[in-house]
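S.K.: Predicted model follows, preceded by the sequence.
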Amino acid sequence: METKLRLEYRVEPARQGLYLLLPFEMPENVERLHLHYEYMRHQEAAAPAGAVNFSSRTEVNIIDLGLIAPDGTQVGASGSDKAEFRS
């Protein structure tokens, strides 16, 4: 049996740069965890007139993700180059 949990969270500009917690409860008897998250990381700019197959990307958001156990210890972390991980 597969159980899915969807959490949505919007970071307001005043909270940017802070460590944010998004608590959730892990169902009993879980054998695996697959976490996937999405956010707008880059902003694309149109190519200048006359450019061939060129676009400019500006990094606008970075998320580093960590998992914290109920006792407060960090049990996993991901750099901003990953959008998912499995355990």
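M.R.: Arrived safely, thanks for sending. Residues are numbered from 1 along each chain as shown.
S.K.: ranges for the strands of the chain?
M.R.: With DSSP state E as the criterion, the chain has strands at 34-36, 42-45, 56-59, 65-68, 74-78, 84-86.
S.K.: looking at the ones you listed, which is closest to Pro23?
M.R.: Among these, the nearest to Pro23 by C-beta to C-beta is strand 65-68 (9.1 Å). (Glycine included, C-beta is placed from N, CA and C.)
S.K.: To Arg10, which of the strands of the chain lies closest?
M.R.: strand 65-68 (16.2 Å).
S.K.: Direction included, what does the closest one pair up with?
M.R.: With DSSP bridges as the test, strand 65-68 is paired with strand 74-78 (antiparallel).
S.K.: any idea how far the strand it pairs with is from the chain center?
M.R.: Distance of strand 74-78 from its chain centroid, counting by C-alpha atoms, centre = their mean, to the nearest Å, is 13 Å.
S.K.: what do you get for stretch 14-31?
M.R.: Using C-alpha atoms, centre = their mean, the offset of stretch 14-31 from its chain centre is 11 Å.
S.K.: And the contacts of that stretch?
M.R.: Residues outside stretch 14-31 that contact it (C-beta atoms under 8 Å, 6 or more residues apart in numbering) are 3, 5, 7, 9, 11, 33, 68.
S.K.: Can you read off the pLDDT for the most centrally placed residue in the chain?
M.R.: Central residue of the chain (C-alpha atoms, centre = their mean): Tyr37, 4.4 Å from the mean position. Note for Tyr37: predicted pLDDT of 80.
S.K.: Same check on Pro48?
M.R.: Reported pLDDT for Pro48: 67.
S.K.: Equivalent analysis for Thr73, please.
M.R.: For Thr73, pLDDT reads 90.
S.K.: So, low pLDDT: which residues of the chain?
M.R.: Applying pLDDT under 70 to the chain flags residues 47-55.
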